[in-house]
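>>> Compute the structure for the input listed below.
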Amino acid sequence: MSRIVVTGMGIITAIGSTPEANRAALINGKSGIGKAYSFRSKYTEKLPFGEIKVATADLAEELNITEASATRTDLIALYAAQQAVAHAGLSGAELSAADMALIGASTVGGMCLTDEMYGDANSQHESDSPYLQSYSNSANTSFLQRQFGIGGIVNTFNTACSSSANAIMYGARLIRSGLARKVIAGGVDSLSKYTVNGFNALMILSDEPCRPFDAGRKGLNLGEGAAFLVLEKEEDAVDKEVYAAVTGYGNSNDAFHASSTSAEGEGPYLSMQRALETAGLQPGDIDFINAHGTATENNDETESVAMLRLFGKVPAFASTKSYTGHTLGAAGAVEAVFSLLCLRHQEVYPSLNFDREIEATMLTPERQYTQRPLRHIMSNSFGFGGNCTSLVFSKV
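Down below sits the predicted model:
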């Protein structure tokens with residue numbers, strides 16, 4: 001069977017609303033982390049966020065969406081997915097075909113409107129709240145299904161921060177197994193009080209822009225975003241622009257703790273090892289790692305340990321969460337797009353805010369934008385509960 005390739009991509013994050021705008025920010029070291037204006041919380045004045053610089057009402061107007069139940073999560077998902085569909089040149093007939101699949105991912109879903117639904121639940125109105133149908137983490141995938149008229153398999157992943165990496169892996173496996181011919185795969189999350197309060201309770205939110213892999217890191221910054229890829233067989237994409245091939249993927253579960261990985265980095269190690277195996281590559285073949293790199297005390301050290309275990313001499317690596325914040329269920333797809341941009345333009349984007357190495361591992365992420373030959377890039381996404389996924393993208 002021919003390789004599975006990416007023929008379309010779309011993205012919206014705190015640093016831009018297109019792949020090109022995101023790339024410009026990455027090249028110039030321009031972070032989108034700062035004061036939030038659309039998101040309202042008691043923490044808005046205390047903590048920085050990676051907020052998309054477009055108000056929800058403006059997104060709805062631009063997308064011509066008038067449904068009262070459409071959430072910010074729905075809207076930014078549609079914004080990114082429309083780009084991917086347009087880039088791939090998918091027709092209405094292709095979208096509605098039985099062999100077209102849509103695989104989404106989210107952790108927040110409609111929970112960004114919890115306050116509104118709570119208000120309706122305590123009102124005297126006899127009708128159901130319009131927010132009820134859009135509350136689940138899968139509602140945004142159903143929203144996209146309706147917007148595009150998807151005719152095949154539709155599914156949603158909720159494996160915390162590895163969600164959209166798993167969506168991409170699952171999409172590739174659907175094609176490889178013959179259950180789909182084309183797949184739109186990715187994820188979305190918007191800022192919500194639910195996640196901000198939860199992460200604050202874990203005491204892993206930083207009061208300053210995050211510092212991945214730095215010895216003085218204080219925690220992560222929450223962000224929002226959406227990204228989607230269009231996957232298809234290489235033989236079906238002969239007349240299309242191809243961004244890269246999805247050559248490897250691996251998933252494991254650390255099963256160590258609800259919100260942290262083991263000191264040995266067993267889950268991250270196994271997911272990276274399995275991604276190399278499915279790609280038919282050796283550790284030395286990886287030219288760059290887009291690390292999970294949350295800037296939390298546990299993740300950065302255990303991911304570093306796992307990279308040292310697998311690679312010995314660790315290849316160049318960096319964390320783009322220092323630009324966008326941690327976009328949770330969208331992170332795997334957002335960073336997949338960044339990996340594709342690296343391959344397409346043969347360039348590496350640096351981590352921001354790094355000062356000194358973690359003493360236990362002494363690894364230094366990339367600190368400057370550089371152009372260099374790249375053949376294979378690994379992108380890591382590790383979720384709560386120890387669900388770890390690694391993807392390998394290769395130059396075509």
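
>>> ok, now which ones touch the residue nearest the centre of the chain?
Nearest to the mean C-alpha position of the chain, by Cα atoms, centre = their mean, lies residue 331 at 2.1 Å. Contacts of residue 331 were listed using Cβ atoms under 8 Å, 6 or more residues apart in numbering, and they are 161, 164, 165, 187, 225, 292, 321, 381. Where you see a C-beta, it was placed from the backbone N, CA and C, and this is true even at glycine.

>>> one more time with 6 Å, if that's ok
161, 381 (Cβ atoms under 6 Å, 6 or more residues apart in numbering).

>>> Tell me the pLDDT of it.
Model confidence at residue 331, given as pLDDT, is 98.

>>> three-state assignment of it?
Secondary structure, DSSP: H, G, I helix; E, B strand; the rest coil: residue 331 is helix.

>>> how much space is there between it and residue 182?
24 Å (Cβ to Cβ, to the nearest Å).

>>> Same check on residue 189?
Going from residue 189 to residue 182 by Cβ to Cβ gives 24 Å.

>>> For the two, indicate the residue with more neighbours.
Neighbours were counted for residue 189 and for residue 182 using other Cβ atoms under 10 Å; residue 189 has more, 34 against 25.

>>> Can you report phi and psi for the more buried one?
Main-chain torsions, residue 189, degrees, to the nearest 10: phi -150, psi 140.

>>> Would you agree it is in contact with residue 328?
Yes - using Cβ atoms under 6 Å, residue 189 is in contact with residue 328, at 4.3 Å.

>>> Tell me who's in contact with residue 222.
49, 196, 325, 326.

>>> Name the nearest of those residues relative to residue 272.
residue 326 (19.7 Å; Cβ to Cβ).

>>> Model confidence at residue 241, what's the number?
Looking at residue 241, its pLDDT reads 94.

>>> Tally up the residues packed near it, please.
Number of residues near residue 241 (other Cβ under 10 Å) recorded here: 12.

>>> quick one: secondary structure of it?
coil.

>>> Equivalent analysis for residue 378, please.
Per three-state DSSP, residue 378 ends up strand.

>>> ok, now which ones touch it?
286, 289, 390, 392.

>>> rewinding a little: can you add distance to residue 343 and pLDDT and give the contacts of residue 222 back as CSV?
Shown next, in CSV, are the contacts of residue 222 (distance: Cβ to Cβ, whole Å; pLDDT from 0 to 100):
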residue, distance to residue 343, pLDDT
49, 29, 98
196, 34, 92
325, 24, 98
326, 23, 98
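
>>> Which members of those residues occur in helices, if any?
residue 196 (DSSP state H).

>>> Which ones among the contacts of residue 222 map onto strands?
Of the contacts of residue 222, none are assigned to strands by DSSP state E.

>>> follow-up on the earlier one: quick check: of the contacts of residue 378, which has the highest neighbour count?
Neighbour-wise, those (other Cβ under 10 Å) top out at residue 390, 34 neighbours.

>>> what pairs with that one across the strands?
Beta-bridge partners for residue 390, by DSSP bridges, are residue 250, residue 380.

>>> My read is that it contacts residue 381, right?
No - using Cβ under 6 Å, residue 390 is not in contact with residue 381; the gap is 7.6 Å.

>>> which neighbours do these two share?
With Cβ under 6 Å, 6+ apart, residue 390 and residue 381 have no common neighbours.

>>> hmm, back to that, neighbour count and distance to residue 108 added to the contacts of residue 222, as CSV?
Below are those laid out as CSV (neighbours: other Cβ atoms under 10 Å; distance: Cβ to Cβ, whole Å):
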residue, neighbour count, distance to residue 108
49, 25, 13
196, 20, 10
325, 31, 13
326, 30, 12
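
>>> Pipe the contacts of residue 222 into a markdown table and attach distance to residue 172 per row.
Output for those, formatted as a markdown table (distance: Cβ to Cβ, whole Å):
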| residue | distance to residue 172 |
| --- | --- |
| 49 | 32 |
| 196 | 33 |
| 325 | 27 |
| 326 | 24 |
